[in-house]
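**Q** build me a model:
(one chain, ligands or ions: 2)
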Amino acid sequence: MSIFEINPDIRQAHTLSSEFYTNEKYFEQSKEKIFSRSWHLVDCFDDSVNLRPVNILETPILISNSNGEINCFSNVCTHRGAILVEENCNTNGIRCRYHGRRFDLQGKFLSMPEFENVENFPSEKDDLPQIPFGVWANFIFASLNPFATLDEFLAEMKQTVQPLKKSRLTAIKDYEVNAHWALYCENYLEGFHVPFVHQGLNSVIDYGTYTTETFRFSSLQTAFDDNGELAAHYFFIFPNLMFNFYPWGISVNIVKPITPSKTTVTYLTFVSDESKLGTGAGADLETVELEDQAVVESVQRGIRSRFYDSGRYSPTREQGTHHFHRLICEFMS
Ligand code: FES
Ligand SMILES: [Fe+2]
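**A** Numbers count the residues shown, from 1 in each chain. Ligands and ions are numbered 1, 2, ... in the order given. This next block holds a predicted model:
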């Protein structure tokens, strides 16, 4: 029997089996079945360079920006497979350093030395394969093999929040977490633990009015402060993107699976109103992060126990985690 079945009725459901997190086989499968089919945040508009190499899983891709025209294509030379671009750069075109094949900034093949007598050459196969991508506000997303369109993944976030075009990227920070990527995400997806784990955060939000809404590929948690003012919108885009909207701007967290028990979480900070920095629910994200890591790493040790397999959900406080587990099952099946 498959472990990827979660009852749609949260009152009857049991949580995802711990085998999903501990079995290396499922970790590998989740890269293909979940991560290659979802949308990755690959760039935040930055005019300082026009060619940017990034990896989605182990797939090297290039984001090019030629006078505002964005393109996204493979970063592997179509001759014998060398990586074309290793670093961010400003350039008019791409030249492979191995044997000199040239491409333009749309990924089209331009020229190749010593190939005069080659038959049926060049063909479309000599262009760099295009990668599906989309843009929202400052953000560029790409997907290797999308399960659904970017619009379907982002629809509710786009309707709810204003893209802060003027916000500046002010900081990038990586956190290493000794836990499975999904444990990190499912902790984020419930405010249930806030009064237990985050005393500081709990003192500035009103736990009683905290809400969770679930959508097709995303969910939204909303926190208000004691005066009934909006403290934060926490948007989660399946499977690994967190967009946290605070009065001062946006904190974006990207959860990157490294091994079944290691995850890197990248924090991108975009400030739009400096006067509000240091106040409210987004005042001290570092403390909240370290508090979360400690419980998530504790769960990582706990789920390996022979005496634990799965648990139950709170119908009032764990809708986001239930929804996340159901999406994992849908993609893994
Ligand atoms: S691998 Fe790029 S030109 Fe040969
Ligand atoms: Fe937390």
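**Q** what segments of the stretch 151-300 of the chain are strands?
**A** In the stretch 151-300 of the chain, the segments counted as strands under DSSP state E, counting those that start in this stretch are 168-177, 211-214, 218-224, 230-237, 241-246, 249-259, 262-271.
**Q** closest one to ligand 1 among the ones you listed?
**A** strand 249-259 (28.2 Å; CB to the nearest ligand atom). Placement of C-beta: from N, CA and C, glycine included.
**Q** what residues does stretch 108-123 touch?
**A** Here stretch 108-123 makes contact (CB atoms under 8 Å, 6 or more residues apart in numbering) with Thr78, His79, Gly93, His99, Gly100, Arg101, Arg102, Phe103, Asp104, Asp126, Asp127, Leu128.
**Q** which among those residues count as buried?
**A** By neighbour count, with 16 or more other CB atoms under 10 Å, the contacts of stretch 108-123 hold Thr78, Arg101, Phe103, Asp104, Asp126, Asp127, Leu128 as buried.
**Q** which among the residues you listed gets closest to Ser219?
**A** Leu128 (35.5 Å; CB to CB).
**Q** look up how far Gln300 lies from that closest one.
**A** According to CB to CB, to the nearest Å, Leu128 stands 39 Å off from Gln300.
**Q** same deal with Asp292?
**A** Distance from Asp292 to Gln300, by CB to CB: 12 Å.
**Q** got it, and Ile3?
**A** With CB to CB as the criterion, Ile3 and Gln300 are 18 Å apart.
**Q** who has more neighbours, these two?
**A** Legend: neighbour count by other CB atoms under 10 Å for Ile3 and Gln300, higher for Gln300 (21 against 16).
**Q** for this protein, give me the ranges with low pLDDT.
**A** 163-166 (pLDDT under 70).
**Q** tell me the domain ranges of it?
**A** What the record gives for the chain is the domain set 19-37+165-332, 41-136, from automatic domain parsing.
**Q** most tightly packed of the ones you listed?
**A** Most buried of these by mean neighbour count (mean count of other CB atoms under 10 Å) is domain 19-37+165-332; its value is a mean of 17.
**Q** could you work out the most separated pair of the contacts of stretch 108-123?
**A** His99 and Asp104 (17.7 Å).
**Q** how about the secondary structure of Asn120?
**A** Look at Asn120: counting by DSSP: H, G, I helix; E, B strand; the rest coil, its state is coil.
**Q** which residues of the chain lie near ligand 1?
**A** Residues of the chain lying close to ligand 1 by CB under 6 Å from any ligand atom are Cys77, His79, Arg80, Ala82, Cys96, Tyr98, His99, Gly100, Arg101.
**Q** may I have the phi/psi pair for the fifth one?
**A** It stands for Cys96. phi -70, psi 130 (degrees, to the nearest 10).
**Q** now the first one
**A** Main-chain torsions, Cys77, degrees, to the nearest 10: phi -60, psi 140.
**Q** look up the closest residue to it, ignoring the ones flanking it.
**A** Cys96 (4.4 Å; CB to CB, 6 or more residues apart in numbering).
**Q** could you do the third one as well?
**A** The shortest distance from Arg80 to any residue that is not its chain neighbour, by CB to CB, 6+ apart, is 6.8 Å, and that residue is Tyr98.
**Q** one more: the second one?
**A** Once flanking residues are discounted, His79 sits nearest to Arg101: 5.1 Å by CB to CB, 6+ apart.
**Q** same deal with Asp126?
**A** Phe109 (4.1 Å).
**Q** just the helices from the chain, written as ranges.
**A** 19-22, 24-30, 150-160, 181-188, 194-197, 199-202, 285-302, 319-332 (DSSP state H).
**Q** relative to its centre, which residue of this protein is most distant?
**A** The centre of the chain is farthest from one residue, Asn117, which by CA atoms, centre = their mean lies 46.0 Å away.
**Q** ok, now how distant is it from ligand 1?
**A** Distance of Asn117 to ligand 1, computed by CB to the nearest ligand atom, to the nearest Å: 17 Å.
**Q** what's the answer for Phe147, then?
**A** Phe147 is 32 Å from ligand 1, by CB to the nearest ligand atom.
**Q** wouldn't that residue be in contact with Phe35 here?
**A** No. Taking contacts as CB atoms under 8 Å, Phe147 lies outside contact range of Phe35: 10.7 Å.
**Q** before we move on, the earlier item: out of the helices of the chain, flag the one nearest Asp309.
**A** So among the helices of the chain, helix 19-22 is nearest, using CB to CB, at 7.6 Å.
**Q** what's the offset of the closest one from the middle of its chain?
**A** 20 Å (CA atoms, centre = their mean, to the nearest Å).
**Q** go on, stretch 211-229?
**A** 19 Å.
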